[in-house]
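Participant: Take a look and give me a structure for this.
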Amino acid sequence: MRTDRLRIRLSTYSTKPRGGVVHTLALAEALAAAGHDVEVWSLARGGDTGFFRRVAPDVGVRLVPVPDVGVRLVPVPDVDGESVGARILRSIDLLADALGSAPEVDVRHAQDCLSANAEGRAHGDGSLLRTVHHLDEFTTPELAACHERAIVSPPRWCACPARSPRRCGTAGDATPP
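Facilitator: Modelled structure (predicted):
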């Protein structure tokens, strides 16, 4: 039995089969299999009731507003005529508001710019770990600013680009590739 069991929260922006979401679920399952207490938080759009695939039972899957769950989906209602930028800002607000009531954990990990901004807003950037898979060049100003904050604000990061070796660092290091 592990005596160094960590409480870990992983956050992502979607339930769909996208790269960061796939990585979040694989990471959650690996950490849970290693004996840690893992919770996954995500935005849920368009009536989503779960992730694109079944999540391992030791991660635990339940929906908001059920307390003390393994996976928490934060509903994102559709707004007719909403611009992409406005939807980005509203999504960050919705996830940050939900994360504001989240219990304290030993490790907070954000997989993407939306969840990194939401975690930072809810609990500060001080203990946030951010995985960076690639750098994007967004044309939507709100999304570009979200991406920039998510790269430079968290003090710890891991860069996991597809064609390069994994690197991890802290705020004093060079920005991840």
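Participant: For residue 149, give me its contacts.
Facilitator: Residues near residue 149 by Cβ atoms under 8 Å, 6 or more residues apart in numbering: 113, 116, 117, 120. For glycine as for every other residue, the C-beta is placed from the backbone atoms N, C-alpha and C.
Participant: how far away is it from residue 50?
Facilitator: Going from residue 149 to residue 50 by Cβ to Cβ, to the nearest Å gives 29 Å.
Participant: just to revisit the earlier point, using a markdown table, lay out the contacts of residue 149 together with secondary structure.
Facilitator: A markdown table is the format used below for the contacts of residue 149 (DSSP: H, G, I helix; E, B strand; the rest coil):
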| residue | secondary structure |
| --- | --- |
| 113 | helix |
| 116 | helix |
| 117 | helix |
| 120 | helix |
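Participant: Taking these together, which two end up most distant?
Facilitator: Using Cβ to Cβ, the contacts of residue 149 span at most 10.4 Å, a distance reached by 113 and 120.
Participant: quick one, longest strand in the chain?
Facilitator: strand 37-45 (DSSP state E).
Participant: What mean pLDDT does that one get?
Facilitator: For strand 37-45, the mean pLDDT works out to 89.
Participant: same question, stretch 15-27
Facilitator: 89.
Participant: Tell me which residues are up against that stretch.
Facilitator: 10-14, 40, 42-45, 48, 50-53, 55, 59, 73, 109, 111-112, 131, 133, 160.
Participant: Looking at residue 113 and residue 120, which one has more neighbours?
Facilitator: residue 113 (25 against 22; other Cβ atoms under 10 Å).
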